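A.B. asks: everything below, folded, please.
(one chain, ligands or ions: 2)
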Amino acid sequence: MAKYSIGVDYGTQSGRAVLVEIGTGKEIATAVKPYTHGVMDEFLPNGKTKLENDWALQHPTDYIEVLETTIPDVLNQAKISADDVIGIGIDFTACTVLPINTYGTPLCLTEEFKDHPHSFVKLWKHHAAQDEANRLNEIAEARGEKFLQRYGGKISSEWLVPKLWQILNEAPEIYAATDQFVEATDWVIYQLTGDLKRNSCTAGYKAIWHKQDGYPSQEFFKALDDRLENVIEEKLASEIVPIGSKAGELTEQAAKLIGLNPGTAVAIANVDAHVAVPAVGITEPGKLLMIMGTSTCHILLGDEEKVVPGMCGVVEDGVIPGLMGYEAGQSCVGDHFEWFTENCVPASYYEEAEAKGVNIHVLLTEKAAQLQVGESGLIALDWWNGNRSTLVDADLTGVLLGATLLTKPEEIYRALIEATAYGTRTIVEAFRNSGVPINEVYACGGIAEKNALMMQIYSDVLKMDIKISASSQTPALGSAMFGAVAAGKERGGYDDIKDAAKEMARLKDDIYQPKQQNAQIYDQLFTEYARLYDYFGRGENNVMKNLKKIKKASVSQAKTEITQ
Ligand SMILES: Nc1ncnc2c1ncn2[C@@H]1O[C@H](COP(=O)(O)OP(=O)(O)O)[C@@H](O)[C@H]1O
Ligand SMILES: O=C(CO)[C@@H](O)[C@@H](O)COP(=O)(O)O
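C.D. replies: Residues are numbered from 1 along each chain as shown. Ligands and ions are numbered 1, 2, ... in the order given. I've put the predicted structure just below:
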């Protein structure tokens, strides 16, 4: 009798559940639930409280709605009884964090704080804690803090400590009311099992925790701010559990809510990028996985802890137990294209797309595919949402160079795709130059699946073959695999994620291979990109930061005028 596991992948815009057959990895049914409140970057749900620049929030009830709707849906579609589902695992965007009270209730769901922006979930791409991140990096550097090296030299404004410090600075009352500041992924598992446990992946990559050294010292936190001296005991106290462990079992209440049996095994929480690695069959060093969607994450395994400038982090047991997991990333990939389609494409293109029955991305890609490499005369920098690796600076912004009165939308679209490919090559070179080998490249995620031109461009720019995941929901498949490991062999699952990967991971037969002629031209274009990268990104010309300062001053001047 076949057994099943369910994986739930919480993305930026929606949550998706996949019901997977143990043993084969066959995806039997999928259900998607867009978040009711989406990404809140302008107003709170009350429609009145305006958010500042660089804010990005989510609503925690959306996460529960995903479970309530998608799990009964997949069971129903597959006509499978809950008795045959042995495990469940979830993965999430990260660092996506929220303040909760002693009952585990998110502060934004309390009457007292329901209209306070700092009480909501801060999404991974909430970049308004850059001042705190800058200050943290200066202090850590001045104190010679060893942990900085593990994070490529800088802590990002996307991560937990800058976000929590922003709350303390701007809303001390929320900070005081916070019993625990938790990753959304851990909070959802807490809702399922009744126990708050933190996973080693987000603790390691996002909260500056180290398997041997623990968190940074009390002295370091005191140097940041006297009020942070005891932050670990006061706000981050819960137990940290390695990836691949069982978090617990479904409570009666949670089981009733989502339509599974009480006692079903629940895996410790995971992250959308990291969880995808075993789902494409990677369980050993040297193989880079690109998880390509709204943003791109690059995950790589290694035997040793090496220092790589500008990487997001290296964490022991962060991806696969027993190995070092390296992470790097680009904050803006699909988001880049979406911005372009929403702001820069003429109505005639939308009409053409509609007439052909395709979406605007497909139309622009078809047109861009007709262009020769270098033909547009354009080059772009991929920093429309800051630079996550290798510069780790959310204050950097986008560049498009070479435009003329003859420039067409598809040329810009292609230049934006190419910019993201050059950004990935910069990351690959940073790893190799630091002694972390990359011998193979794999890709998964919405874009790897949808955009063949883009994958060919990446292969040409990297001059490497690219293998593609056969699953259209790779993170959810990975989560289901971890769910099967949480259940264990005795209940029909696996004892180890490597065993699960051997049986359940799947790749497409077609492999993208570099085209020699294109690769040569891309080498020249990459040289130009690298010059612009250093010029704008490493302090030679701080025009992007200066523009942001002028913008900030102008916005606050306008605000003062309105209130006068
Ligand atoms: N054909 C396409 N080519 C390139 N980008 C696309 C295409 N279709 C959608 N996108 C972009 O992909 C992103 C969504 O990626 P997806 O993997 O589905 O979601 P998520 O990152 O939330 O997990 C959006 O930002 C969208 O602009
Ligand atoms: O930063 C991480 C993982 O470390 C991601 O969760 C974040 O980039 C969001 O990923 P998506 O682009 O929504 O798939």
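
A.B. asks: in which helix or strand does the residue nearest to W209 when sequence neighbours are not counted reside?
C.D. replies: In this structure, W209 finds its nearest non-sequential neighbour in A203, 4.0 Å apart by Cβ to Cβ, 6 or more residues apart in numbering. Glycine gets a C-beta too; all of them are placed from N, C-alpha and C. A203 belongs to helix 200-206 when assigned by DSSP states H and E.

A.B. asks: and the next helix or strand past that helix?
C.D. replies: helix 218-224.

A.B. asks: near ligand 1, which residues of the stretch 401-550 of the chain? Just list them.
C.D. replies: G445, G446, I447, K450, N451 (Cβ under 6 Å from any ligand atom).

A.B. asks: residue of the stretch 351-500 of the chain closest to ligand 2, please.
C.D. replies: G445 (6.4 Å; Cβ to the nearest ligand atom).

A.B. asks: what's near enough to touch that residue?
C.D. replies: For G445, the contact set (Cβ atoms under 8 Å, 6 or more residues apart in numbering) comprises A276, M290, I291, M292, G293, T296, T474, P475.

A.B. asks: from the residues you listed, which ones fall inside strands?
C.D. replies: Secondary structure from DSSP state E places M290, I291, M292, T296 of those in strands.

A.B. asks: quick check: which ranges of the stretch 401-550 of the chain have low pLDDT?
C.D. replies: For the stretch 401-550 of the chain, no stretch has pLDDT under 70.

A.B. asks: closest residue of it to ligand 1?
C.D. replies: Nearest residue of the stretch 401-550 of the chain to ligand 1, counting by Cβ to the nearest ligand atom: G446, 2.4 Å away.

A.B. asks: neighbours around that residue, how many?
C.D. replies: Residues within reach of G446, counting by other Cβ atoms under 10 Å, total 17.

A.B. asks: got the phi and psi for it?
C.D. replies: phi -50, psi -40 (degrees, to the nearest 10).

A.B. asks: cool, E375 as well?
C.D. replies: Torsion angles, degrees, to the nearest 10, at E375: phi -60, psi -30.

A.B. asks: how much space is there between the closest residue to it other than its chain neighbours and S472?
C.D. replies: In this structure, E375 finds its nearest non-sequential neighbour in E411, 7.9 Å apart by Cβ to Cβ, 6+ apart. Look at E411 and S472: by Cβ to Cβ, to the nearest Å, they are 29 Å apart.

A.B. asks: ok, the two, which is more surrounded?
C.D. replies: When E411 and S472 are compared for neighbours, E411 comes out ahead with 21 against 17, by other Cβ under 10 Å.

A.B. asks: surely that one meets S376?
C.D. replies: Yes. Contact criterion Cβ atoms under 8 Å: E411 and S376 qualify, at 3.6 Å.

A.B. asks: give me the number of residues near the residue nearest to W209?
C.D. replies: Residues near A203, counting by other Cβ under 10 Å, number 25.

A.B. asks: isn't it up against P242?
C.D. replies: No. At 9.9 Å, A203 does not count as touching P242 under the criterion of Cβ under 8 Å.

A.B. asks: on that earlier part again, which one of the contacts of G445 is nearest ligand 2?
C.D. replies: Within those, the smallest distance to ligand 2 is 3.9 Å, found for G293 (Cβ to the nearest ligand atom).

A.B. asks: how far away is the closest one from ligand 1?
C.D. replies: 2 Å (Cβ to the nearest ligand atom, to the nearest Å).

A.B. asks: so which residues of the stretch 451-564 of the chain form helices?
C.D. replies: Along the stretch 451-564 of the chain, counting by DSSP state H, counting those that start in this stretch, helices occupy 452-462, 474-487, 497-504, 516-537, 543-563.

A.B. asks: hmm, D41 is touching E52, no?
C.D. replies: No. Using Cβ under 8 Å as the test, D41 is too far from E52 to be in contact (9.9 Å).

A.B. asks: residue numbers of the protein in contact with ligand 2?
C.D. replies: Residues of the chain lying close to ligand 2 by Cβ under 6 Å from any ligand atom are 11-12, 93-94, 124, 271-273, 293-295, 297, 327, 329.

A.B. asks: just the ones of those in strands?
C.D. replies: V271, C297, E327, G329.

A.B. asks: would you format the residues you listed as TSV with pLDDT included?
C.D. replies: Shown next, in TSV, are those (pLDDT from 0 to 100):
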residue	pLDDT
V271	97
C297	95
E327	96
G329	96
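
A.B. asks: P99 in helix, strand or coil?
C.D. replies: Taken by DSSP: H, G, I helix; E, B strand; the rest coil, the conformation at P99 corresponds to strand.

A.B. asks: pretty sure it sits against L109.
C.D. replies: No. Counting by Cβ under 8 Å, P99 stays clear of L109, with 10.9 Å between them.

A.B. asks: please say which of these two ends up with more neighbours.
C.D. replies: P99 (26 against 16).

A.B. asks: return the residues in contact with the more buried one.
C.D. replies: For P99, the contacting residues are P106, L107, H118, S119, I167, I174, Y175, A177, T178, Q180, F181, by Cβ under 8 Å, 6+ apart.

A.B. asks: can we see that at 10 Å?
C.D. replies: 106-108, 113, 118-122, 163-164, 167, 171, 174-175, 177-182, 235 (Cβ atoms under 10 Å, 6 or more residues apart in numbering).

A.B. asks: what about K222, neighbour count?
C.D. replies: Counted with other Cβ under 10 Å, the neighbours of K222 add up to 14.

A.B. asks: isn't it up against E229?
C.D. replies: Yes. At 4.1 Å, K222 counts as touching E229 under the criterion of Cβ atoms under 10 Å.

A.B. asks: quick one, what contacts F536?
C.D. replies: L381, W383, N387, L391, L396, T397, V399, N542, V543, M544, K545.

A.B. asks: mind checking which of those residues land in strands?
C.D. replies: Counting by DSSP E, the contacts of F536 contribute L381, V399 to strands.

A.B. asks: tabulate the contacts of F536 (JSON lines), appending neighbour count.
C.D. replies: Shown next, in JSON lines, are the contacts of F536 (neighbours: other Cβ atoms under 10 Å):
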{"residue": "L381", "neighbour count": "23"}
{"residue": "W383", "neighbour count": "26"}
{"residue": "N387", "neighbour count": "27"}
{"residue": "L391", "neighbour count": "22"}
{"residue": "L396", "neighbour count": "24"}
{"residue": "T397", "neighbour count": "17"}
{"residue": "V399", "neighbour count": "19"}
{"residue": "N542", "neighbour count": "15"}
{"residue": "V543", "neighbour count": "12"}
{"residue": "M544", "neighbour count": "19"}
{"residue": "K545", "neighbour count": "15"}
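
A.B. asks: would TSV of the contacts of F536 with distance to R150 be doable?
C.D. replies: Formatted as TSV, the contacts of F536 follow (distance: Cβ to Cβ, whole Å):
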residue	distance to R150
L381	27
W383	24
N387	19
L391	17
L396	22
T397	28
V399	30
N542	27
V543	31
M544	27
K545	26
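
A.B. asks: so how far is N76 from the spatially most central residue of the chain?
C.D. replies: Centroid-nearest residue in the chain: T93, 4.5 Å away (criterion: Cα atoms, centre = their mean). Going from T93 to N76 by Cβ to Cβ gives 27 Å.

A.B. asks: please apply the same query to V555.
C.D. replies: On the measure of Cβ to Cβ, V555 and N76 end up 49 Å apart.

A.B. asks: go on, G423?
C.D. replies: Taking Cβ to Cβ, one finds G423 at 42 Å from N76.

A.B. asks: and those two? Which one has more around it.
C.D. replies: The neighbour count for G423 versus N76, taken as other Cβ under 10 Å, is higher for G423 (27 against 12).
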